[in-house]
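Novice: give me the fold of what follows.
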Amino acid sequence: MKTLSLVVIAVSLKHKALSLAGGPSPRRNSPDRGLGRWDPQFVRISSSSRRAWILSQQDRGSILTLRGGNTNDNTDESSSASIRLPFKGLFLSSGSAPSPSSTQSSSYYLIWSPGFVMKFFWASASLWGIHMLQWDTQLSKVVTQQWKGISAAFPLLSSRLATSAAPNVVLPLLSSSCCLLQLLINVMVGAGGCAGFNSILGPVRPLFLAILVSLNLHTGASLRQSLFRYSLALMPEGVHYWNEYRKRQWTLTAERAEATLDRPRVRATIMVDIPTMGCVACINKIESSLRNCAPDSILTASSWLEKDRKGGCAKLEVHVDSESDLMVLSQTVVDTIEGAGFQDSTVTSLEINATLE
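Specialist: Now for the predicted structure:
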């Protein structure tokens, strides 16, 4: 009995220590409140951001509105050391936000992504072996026999596919994970979102690219044909470099604009989880949408694909006149991303870095 009492006391002390340290605490079952599920948790608020914490209590309805919650919920979940917030991982502190994942992540499926070169090498070696064993000749005969039936039914269509479309359009598109199609969706369908081409075709992109290179070498393609094919096949890399260029230009413009400010502003960092993005074309769409949603308040915005899970994140450096304006801007950011077709986006971190006075 004495031993049992000691165990109970030890467990109680452990839970109390975790609570004081801002650690795990009991959670309530939380419904889906419109902008994705939120997991309320106690978040430690540092003494340097006591002003932000007090404002959070005063503007609790605004924060709940930001996550699509119930503005009539006035339950007080705060204590002297922490406050229960409706954002998953919402930190109002003077610390630094999580840094973007490296673009070297394999989920991009770019030619410099980890493992891409090795897959391309083995695919090319396999194709060379097939050619040396003349298996490609036998396969060509089988395909030709099957193609005769299609040619008889659709002579005009089949001839165009055989002479131009297949080697000049279809194969280069597959080699790019249909990046051009995703860009067309972004332009022509305002809220098209991600079609998922890169998620499906990205893992086999090295194989298609190896087939394209082998085709050019063995068929003696002209310089014009080769340039056109590789322009399509390497479009993801081109879009990536364009995104980086636009990001640098935006940062320079924002720095010049901030230097001319004549009134104090609140500097903050907003992190948004975007589980439905999947390629560099999605990054292009998200960043271009954010550039236009609040140009006077957003200093920089960058998005990237995560390494170990589907989807990605966006990070925004913003400056506003007050903390309440920051809540409104955060809602605008989420609405803009979802308006571009990337649903279930969620603000995961909102840090007040400094109040310029």
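Novice: let me see the contact set for I337.
Specialist: By C-beta atoms under 8 Å, 6 or more residues apart in numbering, the contact set of I337 is 272, 274, 286, 289-290, 314, 345. All C-beta spots, glycine's among them, are computed from the backbone N, C-alpha and C.
Novice: what do you get for A301?
Specialist: By C-beta under 8 Å, 6+ apart, the contact set of A301 is 250, 287, 290-291, 314-317.
Novice: need these in TSV with neighbour count, pLDDT and secondary structure, can you?
Specialist: As requested, these are exported to TSV (neighbours: other C-beta atoms under 10 Å; pLDDT from 0 to 100; DSSP: H, G, I helix; E, B strand; the rest coil):
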residue	neighbour count	pLDDT	secondary structure
W250	19	84	helix
E287	18	93	helix
L290	24	92	helix
R291	17	87	helix
A314	24	94	strand
K315	18	94	strand
L316	24	93	strand
E317	18	90	strand
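Novice: of the contacts of I337, just the buried ones, ChimeraX syntax please.
Specialist: Remark: buried members of the contacts of I337, expressed as a ChimeraX selection using 16 or more other C-beta atoms under 10 Å:
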select :272,274,286,289,290,314,345
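Novice: in helices, which of the contacts of I337 appear?
Specialist: 286, 289-290 (DSSP state H).
Novice: pick the one among the residues you listed closest to S124.
Specialist: Set against S124, the nearest of the ones in helices among the contacts of I337 by C-beta to C-beta is I286 (34.1 Å).
Novice: quick one on the thing from earlier: redo the contacts of A301 as a markdown table? Include distance to S222.
Specialist: Below are the contacts of A301 laid out as a markdown table (distance: C-beta to C-beta, whole Å):
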| residue | distance to S222 |
| --- | --- |
| W250 | 39 |
| E287 | 37 |
| L290 | 42 |
| R291 | 40 |
| A314 | 43 |
| K315 | 45 |
| L316 | 46 |
| E317 | 48 |
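Novice: for these, which one is nearest P236?
Specialist: The nearest one, if we look at the contacts of A301 relative to P236 and count by C-beta to C-beta, is E287, at 15.4 Å.
Novice: neighbours around the nearest residue to I111 once chain neighbours are set aside, how many?
Specialist: The shortest distance from I111 to any non-neighbouring residue, by C-beta to C-beta, 6 or more residues apart in numbering, is to E237 (6.2 Å). Around E237 there are 16 other residues, counting by other C-beta atoms under 10 Å.
Novice: ok, E237 to E338 distance?
Specialist: From E237 across to E338, the span is 28 Å (C-beta to C-beta, to the nearest Å).
Novice: equivalent analysis for H240, please.
Specialist: Distance, H240 to E338, by C-beta to C-beta: 24 Å.
Novice: I'd say P206 and L127 touch.
Specialist: No. Using C-beta atoms under 8 Å, P206 makes no contact with L127, being 11.4 Å away.
Novice: more neighbours: which of those two?
Specialist: P206 (23 against 19).
Novice: next, the buried residues of the helix or strand hosting that one.
Specialist: Per DSSP states H and E, P206 falls inside helix 205-219. Buried residues in helix 205-219, counting neighbours by 16+ other C-beta under 10 Å, are found at 205-214, 216.
Novice: great, nothing more from me.
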